[in-house]
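Student: Just a sequence and a predicted model for now, questions to come.
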Amino acid sequence: MAVVVGQYLAVRYRAGGPMIFHERLVTGIDQARATGFMVLTPDDDHYYEDYGHAADIREVLVLAGHGDLPAGYHEANFYRFRVAVAAAALRNWVRQANLALAQAPAGIVAGGGGGPVFLPLGGGAPAGGALAAAGVAPLGAPGGGLGALAAALGVPGAPVAVAAPAAAGGLAPAAPPAAPAPLPPPAAVGGGGAGGGLGALAAALGVVPGAGAAAAGSTGGDARTVAISTDTEGNRYREFREGIQLCHETPFADWVLKGPRTTAHVGRFLMQFSTPLLRHTKWKTEVKLPHDHRDVTMHEFLCKAIQVAVVYDQLDISNLACYELIGRELQVLEERYADRILGNDDGDRERSILTSIDMSTTCMAPPLKEFLANEQQKETAWMKERRKAREERVLARGPANKDNKGGKGKKEKEGE
């Protein structure tokens with residue numbers, strides 16, 4: 001059964017913690033990539049997700065509908081929508097999904113990766129048919145994609161979009177696959193004539209010709225920030241996982257800090273626990289320190305700073321030197337108590353590393369560990385040379401108080 005707009009999925013990510021399937025509602029389909037979808041989450045987050053990333057996705061179930069429980073699974077392992085998304089709300093989300101897919105097709109297609117994902121069948125569609133939102137043609141159907149967007153905005157030369165007729169029940173059968181609607185003639189794309197054509201539309205939407213995946217989440221030139229994302233109430237919010245995936249480390253010739261850049265590694269490590277604060281809770285339990293211990297307080301502060309930067313401020317922390325300092329402090333702090341988590345036995349450490357399914361088994365990045373070891377070796381050699389020079393200076397001066405040695409006893413003898 002093919003995945004269509006309006007379908008519910010259950011996605012299990014490769015992350016630490018209990019086995020949880022996250023319910024997702026498909027609002028758009030990337031026609032250029034079979035595993036790429038625009039999805040809505042139970043927390044009203046709306047974004048593009050590629051289920052072909054084998055390193056991130058463990059399992060995807062196709063559900064028959066909201067609340068469907070496939071055979072052999074337990075309801076306690078599902079994080080779901082509280083209620084099914086209404087048809088009117090779904091139509092609005094589908095329009096937003098089509099707009100997002102039309103704005104950045106190059107970035108989405110270039111952002112692929114991983115092998116194909118096989119979607120286990122979780123149930124059949126109601127009445128055996130695929131569903132699509134009423135009155136909205138899927139992307140790729142006649143009138144879909146950028147051509148429909150241009151027609152809706154009245155761009156000269158754009159084709160006329162024809163919406164799919166709605167059924168009486170509020171949902172219409174999905175239109176059969178067809179070639180995308182033709183774009184306006186090349187003369188209308190340049191933007192030099194009256195009305196500007198699609199060139200003016202692209203400029204208004206901020207679409208950069210030839211932009212790749214790295215630019216899809218950027219704000220146009222500043223590598224330290226990403227595009228602002230909001231929730232349904234208009235408040236700034238982005239899931240931590242999505243924010244880390246948008247980070248793209250950019251080299252700077254005048255980078256101010258010595259040593260390797262490790263913030264991206266720290267972000268990927270924390271992403272395994274959903275959020276940095278959830279990592280702090282787990283770490284505090286494992287190290288068995290009092291809640292008011294200085295290191296516990298510092299660990300919580302560092303995790304909170306990273307979470308606020310990604311979720312609220314929506315910064316690309318991999319390009320910020322200040323967060324490189326915060327990330328290094330967190331790595332050193334976690335490494336200080338690593339023996340309490342992995343055990344003092346070297347065999348326990350090796351077993352933990354070799355049996356892990358993820359490379360980010362520890363917060364300390366290997367390049368930073370190597371850099372610290374080299375710096376400590378240099379400091380030890382410098383201290384050794386300094387101590388040697390001090391001892392040579394003492395020997396050069398000779399024994400202290402050589403002339404006065406035994407003087408007091410001699411005076412006492414003369415007094416007798």
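Tutor: It's in. Numbering: from 1, shown residues only.
Student: Look at residue 280 and give its secondary structure.
Tutor: Following DSSP: H, G, I helix; E, B strand; the rest coil, the label given to residue 280 is helix.
Student: quick one, phi psi at the closest residue to it other than its chain neighbours?
Tutor: Of all residues not flanking residue 280 in the chain, residue 303 sits nearest, at 4.3 Å (Cβ to Cβ, 6 or more residues apart in numbering). Bear in mind the C-beta positions are built from the backbone N, C-alpha and C, glycine included. The phi/psi pair for residue 303 (degrees, to the nearest 10) reads phi -60, psi -40.
Student: do the same with residue 50
Tutor: phi -110, psi 110.
Student: from what I can see the residue nearest to residue 280 touches residue 277, true?
Tutor: Yes: here residue 303 reaches residue 277: they are 5.5 Å apart, a contact under Cβ atoms under 8 Å.
Student: Which of those two has more residues huddled nearby?
Tutor: residue 303 (22 against 17; other Cβ atoms under 10 Å).
Student: Which residues are in contact with that one?
Tutor: Residues in contact with residue 303, defined by Cβ atoms under 8 Å, 6 or more residues apart in numbering, are 270, 276, 277, 279, 280, 330.
Student: give me that answer again for 10 Å
Tutor: 270, 273, 275, 276, 277, 278, 279, 280, 281, 283, 326, 330 (Cβ atoms under 10 Å, 6 or more residues apart in numbering).
Student: count of neighbours near the third one?
Tutor: This points to residue 275. As a burial measure, residue 275 scores 19 neighbours (other Cβ under 10 Å).
Student: ok, so what distance separates the closest residue to it other than its chain neighbours from residue 37?
Tutor: Nearest non-adjacent residue to residue 275, counting by Cβ to Cβ, 6+ apart: residue 240, 4.9 Å away. As judged by Cβ to Cβ, to the nearest Å, residue 240 and residue 37 stand 20 Å apart.
Student: what about these two, which has more around it?
Tutor: Legend: neighbour count by other Cβ under 10 Å for residue 240 and residue 37, higher for residue 37 (24 against 20).
Student: Find the nearest non-adjacent residue to the more buried one, please.
Tutor: residue 26 (5.1 Å).
Student: Surely that neighbour touches residue 3?
Tutor: Yes: assessed by Cβ atoms under 10 Å, residue 26 is found in contact with residue 3 at 6.0 Å.
Student: Give me the more crowded residue out of the two.
Tutor: Using other Cβ under 10 Å as the criterion, residue 26 and residue 3 rank with residue 26 on top: 21 against 18.
Student: what sits against that one?
Tutor: Residue 26 sits in contact with 3-9, 37-40, 49, 62, 93-94, 97, where contact means Cβ under 10 Å, 6+ apart.
Student: Now go through these and say which are in strands.
Tutor: 8, 9, 37, 38, 39, 40, 49, 62 (DSSP state E).
Student: What separation is there between the fifth one and residue 229?
Tutor: For residue 39, the distance to residue 229 (Cβ to Cβ) stands at 14 Å.
Student: neighbour-wise, which of the two wins?
Tutor: Ranked by neighbour count (other Cβ under 10 Å), residue 39 and residue 229 place residue 39 first, with 23 against 18.
Student: That one bridge partners, please.
Tutor: With DSSP bridges as the criterion, residue 39 is bridged to residue 26, residue 47.
Student: circling back: buried only: go through the contacts of residue 303 for me.
Tutor: 270, 273, 275, 276, 277, 278, 279, 280, 283, 326, 330 (16 or more other Cβ atoms under 10 Å).
Student: Looking at these, which one is closest to residue 374?
Tutor: residue 330 (20.9 Å; Cβ to Cβ).
Student: quick one: that closest one is in a helix?
Tutor: Yes: counting by three-state DSSP, residue 330 is located in a helix.
Student: and it, what does it touch?
Tutor: Residue 330 touches 262-263, 266, 269-270, 276, 279-280, 283, 298-299, 301-303, 305-306, 363-364, counting by Cβ under 10 Å, 6+ apart.
Student: thinking again about what came up before, now pLDDT too, for the buried ones among the contacts of residue 303, in CSV please.
Tutor: Shown next, in CSV, are the buried ones among the contacts of residue 303 (pLDDT from 0 to 100):
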residue, pLDDT
270, 94
273, 92
275, 94
276, 95
277, 95
278, 95
279, 94
280, 95
283, 94
326, 97
330, 96
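Student: In JSON lines, list those residues along with distance to residue 340.
Tutor: Shown next, in JSON lines, are those (distance: Cβ to Cβ, whole Å):
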{"residue": "270", "distance to residue 340": "19"}
{"residue": "273", "distance to residue 340": "17"}
{"residue": "275", "distance to residue 340": "22"}
{"residue": "276", "distance to residue 340": "20"}
{"residue": "277", "distance to residue 340": "20"}
{"residue": "278", "distance to residue 340": "19"}
{"residue": "279", "distance to residue 340": "15"}
{"residue": "280", "distance to residue 340": "15"}
{"residue": "283", "distance to residue 340": "10"}
{"residue": "326", "distance to residue 340": "22"}
{"residue": "330", "distance to residue 340": "16"}
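Student: hang on, the earlier thing: filter the contacts of residue 330 down to just the ones in helices.
Tutor: 263, 266, 269-270, 276, 279-280, 283, 298-299, 301-303, 305-306 (DSSP state H).
Student: Let me see the ranges of the strands in the stretch 1-150 of the chain.
Tutor: 8-13, 21-29, 36-40, 46-50, 57-62, 78-79, 131-133 (DSSP state E, counting those that start in this stretch).
Student: Out of these, which gets nearest to residue 234?
Tutor: For residue 234, the closest of the strands of the stretch 1-150 of the chain is strand 46-50, at 13.4 Å, according to Cβ to Cβ.
Student: Show me the protein divided up by domain.
Tutor: What automatic domain parsing lists as the domains of the chain is 8-185+202-216, 245-354.
Student: I am finished for the moment; much appreciated.
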